[in-house]
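Engineer: what follows is a predicted structure for the sequence shown.
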Amino acid sequence: MSIASDMIRGHTDTIILAQLLQGDSYGYKINRAIEMKTGGKFELKEATLYTAFRRLEQMGWITSYWGDENTGARRRYYSITELGVENYYRMLNEWEASKQIIEHLIRPERAE
């Protein structure tokens with residue numbers, strides 16, 4: 001079973017910020033971590049990932065810098081800011097509240 005992208009689409013920023021809470025990283029590595037955590041059931045499309053990076057950077061939630069790899073192509077690394085951490089926890093709380101509401105709405109009520 002593949003995870004429906006519609007269910008996740010609104011949480012892309014939160015997912016990316018969660019990965020960056022663990023440390024600076026680059027796009028490919030972040031996407032692989034997401035894929036591994038979901039057992040291969042979900043990965044972000046490259047265009048979605050880099051559009052989110054630009055949006056998050058414009059909002060001041062992340063910053064980016066070029067790595068200094070000695071071999072291979074240079075990588076652009078992303079780092080979460082204090083504002084990004086604050087907004088991650090705000091969005092996490094919103095997710096928890098939404099999850100509870102949806103749970104109540106989609107579970108059938110049992111007649112007593």
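Structural biologist: Thanks, I have the structure now. Residues are numbered from 1 along each chain as shown.
Engineer: tell me which element the residue nearest the centre of the chain falls in.
Structural biologist: Nearest to the mean C-alpha position of the chain, counting by CA atoms, centre = their mean, stands I15 at 1.7 Å. Using DSSP states H and E, I15 maps to helix 12-21.
Engineer: could you pull out the helices in the chain for me?
Structural biologist: 5-8, 12-21, 27-37, 46-58, 82-106 (DSSP state H).
Engineer: for these, which one ends up most surrounded?
Structural biologist: Among the helices of the chain, ranked by average contacts under mean count of other CB atoms under 10 Å, first place goes to helix 12-21 (a mean of 20). (C-beta placed from N, C-alpha, C; glycine too.)
Engineer: and it with helix 27-37, angle?
Structural biologist: If you take axes from the mean of the first three to the mean of the last three CA atoms, to 10 degrees, helix 12-21 sits at 100 degrees to helix 27-37.
Engineer: off-centre distance for helix 12-21?
Structural biologist: Its chain's C-alpha centre and that of helix 12-21 lie 3 Å apart, by CA atoms, centre = their mean, to the nearest Å.
Engineer: what pLDDT does the nearest residue to R55 once chain neighbours are set aside get?
Structural biologist: In space, and not counting its chain neighbours, R55 is closest to D13: 7.3 Å by CB to CB, 6 or more residues apart in numbering. If you check D13, the pLDDT there is 96.
Engineer: now swap in Q19 and tell me
Structural biologist: If you check Q19, the pLDDT there is 97.
Engineer: go on, M1?
Structural biologist: At M1, pLDDT is 48.
Engineer: surely the residue nearest to R55 touches L56?
Structural biologist: Yes. Between D13 and L56 there is a contact under CB atoms under 8 Å: 6.1 Å.
Engineer: measure the nearest residue to the residue nearest to the centre of the chain once chain neighbours are set aside to G27 for me?
Structural biologist: Leaving aside its chain neighbours, I15 sits nearest to I34 (6.4 Å; criterion: CB to CB, 6+ apart). Per CB to CB, to the nearest Å, I34 is found 11 Å from G27.
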